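Peer 1: generate a structure from the sequence data that follows.
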Amino acid sequence: MKETTATKKSTKVTKTPKEKKVVADLSATLYNQKGTSAGTVSLPGSVFGVVWNGDLVHQVVVGMQANKRAGTAHTKDRSEVSGGGKKPWKQKGTGRARHGSNRSPIWVGGGVTFGPRNDKDYSQKINKKMRVKALYTVLSKKIADSQILFVDSLSLDEIKTKDAATVLATLSKIEGFAKITTKKKTGVLLVLPEVNETLAKSFANLPGVTITTALEMNVLMAATFNAIVVVNPVDAIAALESKMK
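Peer 2: Just a heads-up that it's a prediction; the model follows:
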């Protein structure tokens, strides 16, 4: 007898498209130059509400550090060291090991095997979206850890380091930012919406302060400094958002 096989009806499973997670906007306290509250500032969730991604941040930071590497260390191989034109001694009859050149790596003063070379390229390609997403990720972590201070404006009458130090000391009285007056190089990153010569020269001699603009800020800067002070956050945030465009 012939066996009858039951035919299974093929059912197509229609997958519903995944809904994009909409990150809610945040808000933070806005301070003035005198260290008192001046209201609140709205923070876009696309910049300050990104979920932590350590692998992405590590990959971009390592790539940026590799791109900054000068690669000036250099050793000479056996084809570059001097000497070696004559065979040190005859091949046989001396009782010593045979050698053809004193430029051999096993000789003192000979070439170096597998040493660093200045013609090696350490650079790595970093996609634009990866670079910007890593920056947003670090900024989101910083805002969650209360390490970003927003100041409505910052102005000095003249180029004077003493006045800049006074402003920094005033802002250090805000809760959680007492260490921004440190002399360590990783103290505070001052983010401006645009280049300001008066502020740049006034804060230049303070060892713990580094000044940059919102457009020039990158993930390596954001991750290095213990605190970030954002001046004129409305314009600065707009510049940060434009990085992804």
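
Peer 1: for the residue positioned nearest the centre of the chain, give me phi and psi.
Peer 2: Centrality entry for the chain: nearest residue to the mean C-alpha point is L220, 1.4 Å, by C-alpha atoms, centre = their mean. The phi/psi pair for L220 (degrees, to the nearest 10) reads phi -70, psi -40.

Peer 1: surely it and M64 touch.
Peer 2: Yes: at 4.9 Å, L220 counts as touching M64 under the criterion of C-beta atoms under 8 Å. From N, CA and C alone the C-beta is placed, and that goes for glycine too.

Peer 1: now stretch 172-182: average pLDDT?
Peer 2: For stretch 172-182, mean pLDDT rounds to 90.

Peer 1: i'd like the first residue to be 143 from this point on
Peer 2: Got it, first residue is 143 now, which makes that one stretch 314-324.

Peer 1: list of residues touching that stretch?
Peer 2: Outside stretch 314-324, the residues within contact range by C-beta atoms under 8 Å, 6 or more residues apart in numbering are 173, 177, 288-289, 291, 307, 310-311, 313, 329-330, 350, 368-369, 371.

Peer 1: tell me where this protein has helices.
Peer 2: 187-190, 196-210, 270-286, 303-313, 339-345, 361-366, 375-384 (DSSP state H).

Peer 1: can you put those in JSON lines and add distance to F256?
Peer 2: Converted to JSON lines, these look like this (distance: least, C-beta to C-beta, whole Å):
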{"stretch": "helix 187-190", "distance to F256": "45"}
{"stretch": "helix 196-210", "distance to F256": "20"}
{"stretch": "helix 270-286", "distance to F256": "32"}
{"stretch": "helix 303-313", "distance to F256": "49"}
{"stretch": "helix 339-345", "distance to F256": "45"}
{"stretch": "helix 361-366", "distance to F256": "30"}
{"stretch": "helix 375-384", "distance to F256": "44"}
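
Peer 1: select, out of those helices, the one closest to D263.
Peer 2: helix 196-210 (9.6 Å; C-beta to C-beta).

Peer 1: pull out the buried positions in that closest one.
Peer 2: 198-199, 202-203, 205-206 (16 or more other C-beta atoms under 10 Å).

Peer 1: same check, this time on stretch 356-372
Peer 2: Applying 16+ other C-beta under 10 Å to stretch 356-372 flags 356, 359-365, 367-372 as buried.

Peer 1: that older thread, closest to K229 out of the buried residues of helix 196-210?
Peer 2: Closest to K229, out of all of these and judged by C-beta to C-beta, is G205, at 48.1 Å.

Peer 1: so what's that closest one up against?
Peer 2: 266-268.

Peer 1: list the contacts for the residue nearest to T279 when sequence neighbours are not counted?
Peer 2: If the residues on either side of it in the chain are set aside, T279 comes closest to V192, at 4.9 Å by C-beta to C-beta, 6 or more residues apart in numbering. Contacts for V192 were tallied using C-beta under 8 Å, 6+ apart; they are 165, 275, 278-279, 281-282.

Peer 1: okay if I get those as TSV plus pLDDT and distance to A380?
Peer 2: Formatted as TSV, these follow (pLDDT from 0 to 100; distance: C-beta to C-beta, whole Å):
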residue	pLDDT	distance to A380
V165	68	18
K275	96	18
Y278	96	14
T279	96	19
L281	96	14
S282	96	18
